[in-house]
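Asker: Give me a model of this one.
(chains A, B and C)
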Amino acid sequence: MKISARNVFKGKISHLEIGAVNAEVAVGIAGGGKITAIVTNGSVRSMDLAVGKEVSVLVKASSVLVLVDGGGVRLSARNILAGTVSKVVEGAVDAEVSIALDGGVAVHAVITKDSVKSLGLKPGVPATAVIKSSSVILAVTD
Amino acid sequence: MKISARNVFKGKISHLEIGAVNAEVAVGIAGGGKITAIVTNGSVRSMDLAVGKEVSVLVKASSVLVLVDGGGVRLSARNILAGTVSKVVEGAVDAEVSIALDGGVAVHAVITKDSVKSLGLKPGVPATAVIKSSSVILAVTD
Amino acid sequence: MKISARNVFKGKISHLEIGAVNAEVAVGIAGGGKITAIVTNGSVRSMDLAVGKEVSVLVKASSVLVLVDGGGVRLSARNILAGTVSKVVEGAVDAEVSIALDGGVAVHAVITKDSVKSLGLKPGVPATAVIKSSSVILAVTD
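Answerer: I've put the predicted structure just below:
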């Protein structure tokens, strides 16, 4: 499988909670991080999702927000991944920002070029990737 | 807090309805507008969300659609914000379109350059920003 | 109605299942394909959605992922649309990829330029569009 999602994290399901319609699935990724996904209960069944199962976590770069100076902020988004900006590629409107997380994993975000400027993003700057759990897609290959 | 979401609206929660899994949160913004977000009940608790509380409403520009000539259309998206195009910045693939709402607030959308052309978007043209409530993130700082 | 969503498919609702909070709506599109949307039960009521009703299915190009070599993969995303790349337009950061589906309909995706390269996308290459059902907006005009 090759997929256009710029963020593909391999991991094992560490927690799975079935709700009325959707399930919340937490996946432990390399470096000790964790990413939470909301998927339908139908997907849990059709993909045989269970604690311990290996899955790929897919997140489009356009679904990632970048936060700086976030001390004291609480967000409704579930995934808050702290790291350091490792790369910025600017286009005319958008820019791709890569954030290296503590565990060695990188998260890629496509944000507007204006935001890169207003947030002062450049390599070496501490930054946090923010991802809504409803923006996460899970994949299994077995 | 500085965040890459191009759209950050400050406001007060005007309505909050708890469902089985998610809650619907309406936030009154400057100029009399309203933006509705769907967040998990867990977020309502962890963020102490309640009617009257001040929150920031975050929406990525890439989550905003632009509608013109929308007379008689009904959409499944909850947030329909009418205004006038104030600015268009074109890139090779994408373009950023700013729409000034009646209340003085602006909404920014990243859409394809092809759509700018087919919709005839340019400063002064009436246009409506469309945002799914599931694309909205809430933030609190206390 | 003219809307910035690059993907607008006209079709008829073939299946509608009401849940506790949300409803799952399947829409048959030209060429025999099907696209599934998750909308709130409130939208079902306000839009008078029912099996047989004509609707427009709206999907932003930035909500579409592109998959190649997907044999054996199971995804939590509900809409998996196989076809052939018909066009690629590259920008500095992003690229727009058009995929012609079997039924003559085309799906447009905005993905990063890096992904175009790593997936080897160019006209004639088999590719699959992947769309989360929560990224789909429905519109009716009557």
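Asker: How many neighbouring residues does whichever residue of chain A sits closest to chain C have?
Answerer: Across chain A, the shortest distance to chain C (C-beta to the nearest C-beta) belongs to A:Gly91, at 3.4 Å. In short, each C-beta sits where N, CA and C put it, glycine included. A count of nearby residues for A:Gly91, using other C-beta atoms under 10 Å in any protein chain shown, gives 19.
Asker: And for A:Thr36?
Answerer: 19.
Asker: quick one on the thing from earlier: quick one: the residue of chain A closest to chain C and C:Ala92 touch, right?
Answerer: Yes - counting by C-beta atoms under 8 Å, C:Ala92 is a contact partner of A:Gly91 at 3.4 Å.
Asker: quick one, helices of chain A?
Answerer: A:41-46, A:113-119 (DSSP state H).
Asker: which parts of the shortest one are buried?
Answerer: By 16 or more other C-beta atoms under 10 Å in any protein chain shown, the buried positions in helix A:41-46 come out as A:43-44.
Asker: tell me which strands and helices that helix is in contact with?
Answerer: strand A:7-18, strand A:22-29 (3 or more C-beta pairs under 8 Å, 6 or more residues apart in numbering or on different chains; DSSP states H and E).
Asker: Using TSV, lay out the ones you listed together with mean neighbour count, mean pLDDT and distance to chain C.
Answerer: Shown next, in TSV, are the helices and strands packed on helix A:41-46 (neighbours: other C-beta atoms under 10 Å in any protein chain shown; pLDDT from 0 to 100; distance: least, C-beta to the nearest C-beta, whole Å):
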stretch	mean neighbour count	mean pLDDT	distance to chain C
strand A:7-18	16	95	10
strand A:22-29	21	93	8
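Asker: Enumerate the residues of chain A near chain B.
Answerer: Chain A comes close to chain B at residues A:19-22, A:62-63, A:65-78, A:91-94, A:97, A:109-112, A:114-116, A:118-119, A:130, A:132-134, as judged by C-beta under 8 Å from any C-beta of the partner chain.
Asker: Any chance of a ChimeraX selection covering the buried ones in those residues?
Answerer: Provided next is the ChimeraX selection string for whichever of these are buried by 16+ other C-beta under 10 Å:
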select /A:19,21,22,62,63,65,66,67,68,70,73,74,75,76,77,78,91,92,93,94,97,109,110,111,112,114,115,116,119,130,132,133,134
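Asker: What's the local residue count around A:Ser86?
Answerer: 17.
Asker: how's chain A carved up into domains?
Answerer: A:7-59+A:133-139, A:61-131 (automatic domain parsing).
Asker: Endpoint to endpoint, the shortest one covers what distance?
Answerer: In this case it means domain A:7-59+A:133-139. Start-to-end span of domain A:7-59+A:133-139 (C-alpha to C-alpha, to the nearest Å) is 12 Å.
Asker: so how far is that domain from its chain's centroid?
Answerer: 12 Å (C-alpha atoms, centre = their mean, to the nearest Å).
Asker: In a markdown table: the helices of chain A, plus mean pLDDT.
Answerer: Output for the helices of chain A, formatted as a markdown table (pLDDT from 0 to 100):
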| stretch | mean pLDDT |
| --- | --- |
| helix A:41-46 | 92 |
| helix A:113-119 | 94 |
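Asker: closest to A:Ser14 out of the ones you listed?
Answerer: Nearest of those to A:Ser14, taken as C-beta to C-beta: helix A:41-46 at 14.9 Å.
Asker: Grab the CA positions of stretch A:103-123 and hand them over as CSV.
Answerer: C-alpha atoms of stretch A:103-123 as CSV (Å, rounded to 0.1, in the frame of the first residue of the first chain):
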residue,chain,number,x,y,z
GLY,A,103,10.3,9.8,19.7
GLY,A,104,12.0,10.4,16.4
VAL,A,105,8.8,10.4,14.4
ALA,A,106,8.0,13.5,12.2
VAL,A,107,4.5,15.0,11.6
HIS,A,108,3.9,16.9,8.4
ALA,A,109,1.3,19.8,8.3
VAL,A,110,0.1,21.8,5.3
ILE,A,111,-0.9,25.3,6.6
THR,A,112,-1.1,28.7,4.9
LYS,A,113,2.1,30.6,4.3
ASP,A,114,0.6,33.5,6.3
SER,A,115,0.4,31.2,9.3
VAL,A,116,4.1,30.2,8.9
LYS,A,117,4.9,33.9,9.2
SER,A,118,2.6,34.8,12.0
LEU,A,119,3.7,31.8,14.1
GLY,A,120,7.4,32.4,13.3
LEU,A,121,7.9,28.8,12.2
LYS,A,122,11.4,27.8,11.1
PRO,A,123,13.7,24.9,11.9
